[in-house]
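J.: for reference, the sequence and a predicted model appear below.
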Amino acid sequence: MYILTIDVEDWYHLINNRYFSNPKNWYDNESRLMKNLEIITSLLEKYNQKASFFIVGWIAEKYPAIIKMLTQLDFEIGSHSYLHQTTRLLNKKAFFADTEKSIKTIEDISGKKINSYRMPAFSIDSTNKWVFDVLSDLGIKYDSSLTVINRRNKNIHPYKIKTQDGNFIKELPVSTFKYLGMNFNSGSGYFRILPLKKIIKSLEKKDYTLLYFHPRDFDSKTPISFKVSLLQNLKNQMGLKHSACKFETVLNNFKFTDIQKASLKIDWENTKDLLF
């Protein structure tokens, strides 16, 4: 099973940066989002592929044409928060308000129920596991926020998370690429810098793969900003030149689906029920 997910945020939606973490500063930067989304959607259409698009609510409100385009192309749309702030900085009330606003904004534009969610920067750990209670209260059925870094049980297959309130969220975790004996999250910057042959080989060995990307991962003209460190600029630029070609090769060799369609193929009754 191969699942494809895209986090719809612009190149300047950087977390843990004093300047770019402030939404007031986002308006001062050129948006390259639509150009990059057109690259992604054209390739998905070319190879008849499906994907889940996790939308930042602020993006949906500012650029409703993006939501309408994805809706018209019949791609699954989920929430990626409203202001793209790390979840660890929010208390329960603030997280509820941010998530609720994101869901409502996207639903009002798309006319579709939002069932899926991904936290910015996969920002969950044992200190804020109450987020799953909030997601359940807001009607979210599927989450894809757990990675090899923050999964306590290191499970790399879908499973049900039992919330503290006794409800369940169906978790579809990000899978991994194995290279040089180490596990890397399967997508984004790791996809850009790892050799294509190793990526293909890793995908061929797995019975479950969930890839994640950002539109900027395919933008060879991503701006270099003096508001971030030299190291961060280097990380943002690495592998961009060939990433779209690598992505196309992967699409040509594997059949991808979105989270909701994948969920229909999963035997949830026989998966583990886990407290995060």
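T.: Nice, thanks for sending it over.

J.: any chance you could list what contacts the lengthiest strand in the chain?
T.: Longest strand of the chain, by residue count under DSSP state E: strand 2-8. Applying C-beta atoms under 8 Å, 6 or more residues apart in numbering, the contact partners of strand 2-8 are 33, 37, 40, 44, 49-56, 59, 66, 80, 118, 144, 172, 187, 203, 209-215, 254-259, 262. C-betas here are computed from N, CA, C, even on glycine.

J.: buried among these? Make that a PyMOL selection.
T.: The PyMOL command for the buried members of the contacts of strand 2-8 (criterion: 16 or more other C-beta atoms under 10 Å) is given here:
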select buried, resi 33+37+40+44+49+50+51+52+53+54+55+56+59+66+80+118+144+172+187+203+209+210+211+212+213+214+215+254+256+257+258+259+262
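
J.: which ones among the contacts of strand 2-8 are found in strands?
T.: Using DSSP E, the contacts of strand 2-8 in strands are 52-55, 209-213.

J.: out of the residues you listed, which comes closest to residue 196?
T.: residue 211 (13.6 Å; C-beta to C-beta).

J.: give me the spatial nearest neighbour of that closest one, chain neighbours excluded.
T.: residue 187 (4.5 Å; C-beta to C-beta, 6 or more residues apart in numbering).

J.: for residue 250, see how far away that neighbour is.
T.: Using C-beta to C-beta, to the nearest Å, we find residue 187 at a distance of 10 Å from residue 250.

J.: spit out the residues that contact the two alike.
T.: residue 211.

J.: against which helices or strands is whatever helix or strand residue 252 lives in packed?
T.: Using DSSP states H and E, residue 252 falls within helix 240-253. For helix 240-253, the helices and strands in contact under the criterion 3 or more C-beta pairs under 8 Å, 6 or more residues apart in numbering; DSSP states H and E are helix 33-46, helix 188-193, helix 196-204.

J.: how about the residue nearest to residue 211, what does it touch?
T.: 5, 174, 211-213, 217.

J.: and the pLDDT for the residue lying closest to residue 20 once chain neighbours are set aside?
T.: Distances taken as C-beta to C-beta, 6+ apart put residue 14 closest to residue 20, at 4.1 Å, once the chain neighbours are dropped. Looking at residue 14, its pLDDT stands at 88.

J.: again, but for the one 5 residues further on
T.: The predicted local confidence for residue 19 comes out at a pLDDT of 89.

J.: got the contact list for it?
T.: 25, 227-228.

J.: cool, residue 256 as well?
T.: So residue 256 contacts 2-4, 49-51, 211 (C-beta under 8 Å, 6+ apart).

J.: and if we set it to 7 Å?
T.: The contact partners of residue 256, taken as C-beta atoms under 7 Å, 6 or more residues apart in numbering, are 2-4, 49-51.

J.: try residue 95
T.: If you count contacts by C-beta under 7 Å, 6+ apart, residue 95 has them with 87, 131, 134.

J.: pretty sure the first one contacts residue 131?
T.: Yes - between residue 87 and residue 131 there is a contact at 6.0 Å, judged by C-beta atoms under 7 Å.
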